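# below are the sequence and a predicted model for it; my questions follow.
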Amino acid sequence: MTLEGNGQGVKLTKKDFVSDQEVRWCPGCGDYAILAQMQKVLPELGIPREKFVFVSGIGCSSRFPYYMNTYGFHGIHGRAPAIATGIKVCNPDLSVWVVTGDGDGLSIGGNHLLHVMRRNVDIKIVLFNNRIYGLTKGQYSPTSEFGKKTKSSPMGTVEAPVNPICLALAAEATFVARSVDRHTDHLAYVLERAARHKGVAFVEVFQNCNIFNDGAFEPFAGRPVKDDRMVVLEHGKPLIFGKNHDKGIRWNGTTLEVVTLGNGITESDLLVHDEKRPDPALAFLLARMDYPEYPVPVGVFRAVEKPTYDELVNAQIETAIAERGRGDLEKLLRSGDLWVIE
């Protein structure tokens, strides 16, 4: 139950968050699955619909605000974090979301993304990672794998890809998670965890672009192989994976290694996931695990508490008002060193 703008108690449903706009993504795009899970999760939060704002930049993912029946802002390329920061600082009671892609968020917007995470602004960031520029028809992006052949890299890209989870951890974001578009139950769980986190929440979603990079995640996220090639991070539980639940991740003193249970190796030998560790070093090691050497981890890498930027800024404003009274802009503009040009 929540309260709508008229003060009446109503039970919101997924339909309440579906806008009247025609969805214009390519048929079969992974964006549909992310949109559906977002519209499914928000009614469960008990937050009035008018308290949600979605902000985006430029790219396929950035059409997201049109399809949510909430407040929204389609901004400029890579600048959604700056716009979202302003919205949150001025309206602390709003649930502010940034929807971005690997091009928008990690290329032209990389600087803004880095700083909004280190500041711990209380906003939620969902990064659709399809490892390609889809809107502009298939150029390599910051997350395209080394050697990827595209229209802009016909001989294969010679750039090392950005690992978005490593970037978020390096910025010491207080909530860092990953999911997959077609793993809908897990995606809904991760989005709800992000929504309930106090502070910046960064969620990377492996999103299939079936037109320009189809099957990018199939080698490890496809239904027939995912149990053997992915590991689900669960707080307080050992890192176990495999169809037969017989493989795990162990710390060998210098790095992480894949082991098979049995022959003297038990669950007690495995690494137990701790998303609450203040030090992000172990989460960083997990983030660097990649197929085929390791299973690809999904879930919550890190969830810690720190003061938020918006709270600290507003506390300073209240302190200044208490000490000096409310400001007067006209008076401020006419104070200090003034001169007249004649």
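On my side now, so go ahead. Fair warning: this is a prediction, and the values are worked out from it, not measured in the lab.
# going forward, measure contacts between C-alpha atoms and count neighbours the same way
Noted.
# for stretch 74-82, measure first residue to last.
With CA to CA, to the nearest Å as the measure, stretch 74-82 spans 13 Å from end to end.
# do you know how far V23 is from R334?
From V23 to R334 the distance is 51 Å (CA to CA).
# higher neighbour count, those two?
V23 (13 against 9; other CA atoms under 10 Å).
# check contacts around the closest residue in space to that one that isn't next to it in sequence.
Leaving aside its sequence neighbours, V23 sits nearest to Y67 (CA to CA, 6 or more residues apart in numbering; 6.7 Å). Counting by CA atoms under 8 Å, 6 or more residues apart in numbering, Y67 makes contact with 18-23, 35.
# backbone dihedrals for Y67, please?
Here is the backbone geometry of Y67 (degrees, to the nearest 10): phi -100, psi 0.
# ok, now G138?
Here G138 shows phi and psi, under degrees, to the nearest 10, equal to phi 100, psi 40.
# can you verify my assumption that it contacts D214?
No - judged on CA atoms under 8 Å, G138 makes no contact with D214 at a distance of 11.0 Å.
# count the residues that sit near Q37.
Q37: 20 neighbours (other CA under 10 Å).
# do Q21 as well
Residues near Q21, counting by other CA under 10 Å: 10.
# so it sits in a strand?
No - using DSSP: H, G, I helix; E, B strand; the rest coil, the secondary structure at Q21 is coil, not a strand.
# for P43, see how far away it is.
Taking CA to CA, one finds Q21 at 20 Å from P43.
# also N163?
32 Å.
# between these two, who's got more neighbours?
P43 (20 against 15).
# helix, strand, or coil at the more buried one?
helix.
# surely it touches T13?
Yes - the pair P43 / T13 is scored as a contact, 5.4 Å apart, by CA under 8 Å.
# show me what contacts the closest residue to D102 other than its chain neighbours?
Of all residues not flanking D102 in the chain, N129 sits nearest, at 5.1 Å (CA to CA, 6+ apart). N129 sits next to 101-102, 143, 204-207 when contact means CA under 8 Å, 6+ apart.
# most neighbours, which of these?
G101 (30 neighbours).
# the strand or helix carrying V89 - what's its average pLDDT?
Take DSSP states H and E as the rule and V89 turns out to sit in helix 80-90. Averaged across helix 80-90, pLDDT comes to 98.
# buried ones in it?
80-85, 87-89 (16 or more other CA atoms under 10 Å).
# go on, stretch 308-326?
Here stretch 308-326 shows 308-311 as buried, counting by 16+ other CA under 10 Å.
# Serialize those residues to CSV and add fields for secondary structure.
Output for these, formatted as CSV (three-state DSSP):
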residue, secondary structure
T308, coil
Y309, helix
D310, helix
E311, helix
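# which of the residues you listed lies closest to E293?
T308 (37.2 Å; CA to CA).
# need the helices for this structure, in chain order.
31-41, 64-67, 80-90, 102-103, 110-119, 164-170, 184-196, 218-221, 226-229, 281-287, 309-324, 329-333 (DSSP state H).
# roughly how far apart are the closest residue to V272 other than its chain neighbours and Y294?
Among residues not flanking V272 along the chain, P238 sits closest, at 4.1 Å (CA to CA, 6+ apart). Look at P238 and Y294: by CA to CA, they are 16 Å apart.
# what's the answer for V99, then?
Distance from V99 to Y294, by CA to CA: 29 Å.
# settle it for me: which of the two has more neighbours?
V99 (26 against 18).
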